[in-house]
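> no FASTA, just this:
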DNA sequence: ATTCATTTATTTGCATGCATATATTCGCAC
DNA sequence: GTGCGAATATATGCATGCAAATAAATGAAT
C-alpha cells in the first residue's frame, strides 16, 4: 500500500511542473527538495532522472533545471501528436474494428453532443481524453500507443491541454464544435476503413490546438502550461 | 576528461544490450554489476533508470530485466521509424532547403553509388547513418529530430540495423539497390518541395527493413538484434 | 520426483558521509 | 557602482551502511 518514495516524488514534481507551479528555468536542487519533502536525496534523484527522460527537465553539469520550450517547439509538439495519433487511427481503420468497438465510439460521440450542449468544460475535457485514448488503443500497436502517450507530455500537446480559461470565448466554443465534427468524421472514416482519410482528419484535428496556444498568449490569459513556454505571457 | 561514471555504465550496458551480449529476459542486478565494473551501485542505478526510460529495460518490483520484443513490436517499430523520418523529410521538403544543403545530399548520393560498387558493408552502414541523420536534421524541428533518434532504439529500427551477415545474399544486395533508388527519389522530392512524395517514399524506404528481419529469422542467421526478439532464432 | 513451507542468502530502497565541483559571497581595486 | 579574484558555502557524484523485501536453498511431506 505504501507507495515507493521515488514514485511519489516523481508524481509530485511532474504535477508541479505541468501545472506551472515550477516555472521553466527553475533550478531543482536535490538536497533542497529532499529536505522539503522530508525524504532523502536518493529517491529525489531517481525522480529527477526520470523527469529528464520525459523531457521536462534538462541536466547541465550542476543539476537539473525545469525545461522551457520555445514557441516553435510547442507547435512542433502539437504536430507530432497529430502525426502519431493520425498513424494510430489509420491503423485502426485499415485493420478494421469490431461492431462493439464501433458502438462504443458512437456512444462517446453522443456523449460529446450532450456535453457540448449542457456540460461544463471539465466534463468535456475528461470525455475528450477518454475518446483519444480509446482511438489510440484501437490501433492495436503497443509501440504506437506508448509513443502517442509520450507525445502528450509537451505543453499544450495533450488532448486535455486547452486552457480552461478560454471556455467562454466564442472562438473557443467554435473550436469545440469543429472538433466534434472532426471526431464524427474520424469515427466514420475508421468504420469505412478509410485509413488515409482518418490520418488526415486526425492531423487536422490536432492543429486546432495551434489556435488555442496563440489565443492563450495573445489574450495573456493565465494557462498553467504557459509557465513552460519561453517569452510568452 | 574523466567521464562521469554513470555515463560510462550507461554506454557500456546499452551496447551490451543492443549487441545481444545481454539476451532479452536477463535480470540485471545492480550490486552484481557494480562489483563487476568496479564502481558503486549508485551510478549503476542511474544508468539502469535511464535504460528503462529508453525502453531497453523493464522494471518489476525487484529489479531490472532486459526487455524482449515480440515480433509484431519489431515491425511496428520499423513503421514508427518510417513515419517519423517521413514527417521529417516532408517538413524539409515543404520549408525548402538551401543550395549548399542540396549539394551535400547529392554528394552523399554519389558516395552511395561508389560504395555500392566497391565498398564493404561497414562503409555503407556508416554512410547510411550519416545520410539519414542529415535528412532528419533538415526538418528543422528539434522535437522531431529527437523523436526520430529515439525511434532508433528498437531492434532493427535504426538505419544501421540490418544484419551484416546477410551482406552477400542476392536478396540483400538487391534491397540495397532499391534503397539507393529511394534515397535518390527522396532527395529529388525534397529538392522539388514535394512533401507528400517525400513522406511516402521515406515510409516505403523504412519498410525495406521488414524483409531484412524476416530473412534474418528465416535463415536463422546470427544477427545481434535477434537476441532481443522473443521466439526468434 | 513434485509440491510446499521454512530458512538462508542476496538485493533492493533509502539514508547518509565525504571529497570534489559548482555556486555564492565578500573584498578590493578602479 | 562595476568588474574581478579569493574565500566561503552549498550541492553534486559516488560509496556504503542498514532494514525490509525478494530470491534461492533446504528439507519435509506426499
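Thanks, I have it. If you're wondering where the values come from, they're calculated on a predicted model, not measured in any experiment. Residues are numbered from 1 along each chain as shown, chains lettered A, B, ... in the order given.
> use CA for all of it now, contacts and neighbours both
Noted.
> Quickly list the domain ranges of chain A.
A:5-66, A:71-228 (automatic domain parsing).
> now those as a markdown table including mean pLDDT and distance to DNA strand D?
As requested, the domains of chain A are exported to a markdown table (pLDDT from 0 to 100; distance: least, CA to the nearest atom of the strand, whole Å):
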| stretch | mean pLDDT | distance to DNA strand D |
| --- | --- | --- |
| domain A:5-66 | 94 | 3 |
| domain A:71-228 | 91 | 20 |
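> and these as TSV, adding mean neighbour count?
Listed next are those as TSV, based on neighbours: other CA atoms under 10 Å in any protein chain shown:
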stretch	mean neighbour count
domain A:5-66	17
domain A:71-228	19
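> For chain A, which residues are neighbours of DNA strand C?
Selection of chain A residues close to DNA strand C by CA under 7 Å from any atom of the strand yields A:4-6, A:38-43, A:61-62.
> repeat that for 6 Å
For chain A, the contact set with DNA strand C under CA under 6 Å from any atom of the strand comprises A:4-6, A:39-43, A:61-62.
> can you tell me which of those residues are in helices?
A:5-6, A:41-43 (DSSP state H).
> Contact partners for the most centrally placed residue in chain A?
Centre of chain A computed as the mean C-alpha position; nearest residue by CA atoms, centre = their mean is residue A:158, 1.2 Å away. Counting by CA atoms under 8 Å, 6 or more residues apart in numbering or on different chains, residue A:158 makes contact with A:81, A:151-152.
> now it, what's its secondary structure?
coil (DSSP: H, G, I helix; E, B strand; the rest coil).
> how close does it sit to residue B:55?
21 Å (CA to CA, to the nearest Å).
> Check residue A:52 too.
Taking CA to CA, one finds residue A:52 at 15 Å from residue B:55.
> now swap in residue A:190 and tell me
With CA to CA as the criterion, residue A:190 and residue B:55 are 30 Å apart.
> quick one: the strands in chain A?
Ranges of strands in chain A, per DSSP state E, are A:27-28, A:57-60, A:63-66.
> packing partners for the first one?
Which is strand A:27-28. strand A:63-66 (3 or more CA pairs under 8 Å, 6 or more residues apart in numbering or on different chains; DSSP states H and E).
> now do the second one
Counting contacts by 3+ CA pairs under 8 Å, 6+ apart, strand A:57-60 is packed against helix A:41-53, strand A:63-66.
> just so I know, which of those lies nearest residue A:25?
strand A:63-66 (5.0 Å; CA to CA).
> about what we covered before: turn the strands of chain A into JSON lines, columns for distance to residue B:183.
Formatted as JSON lines, the strands of chain A follow (distance: least, CA to CA, whole Å):
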{"stretch": "strand A:27-28", "distance to residue B:183": "44"}
{"stretch": "strand A:57-60", "distance to residue B:183": "35"}
{"stretch": "strand A:63-66", "distance to residue B:183": "39"}
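> so which of the ones you listed comes closest to residue B:89?
strand A:57-60 (27.3 Å).
> got the contact list for the closest one?
So strand A:57-60 is contacted by A:48, A:51-52, A:64-67 (CA under 8 Å, 6+ apart).
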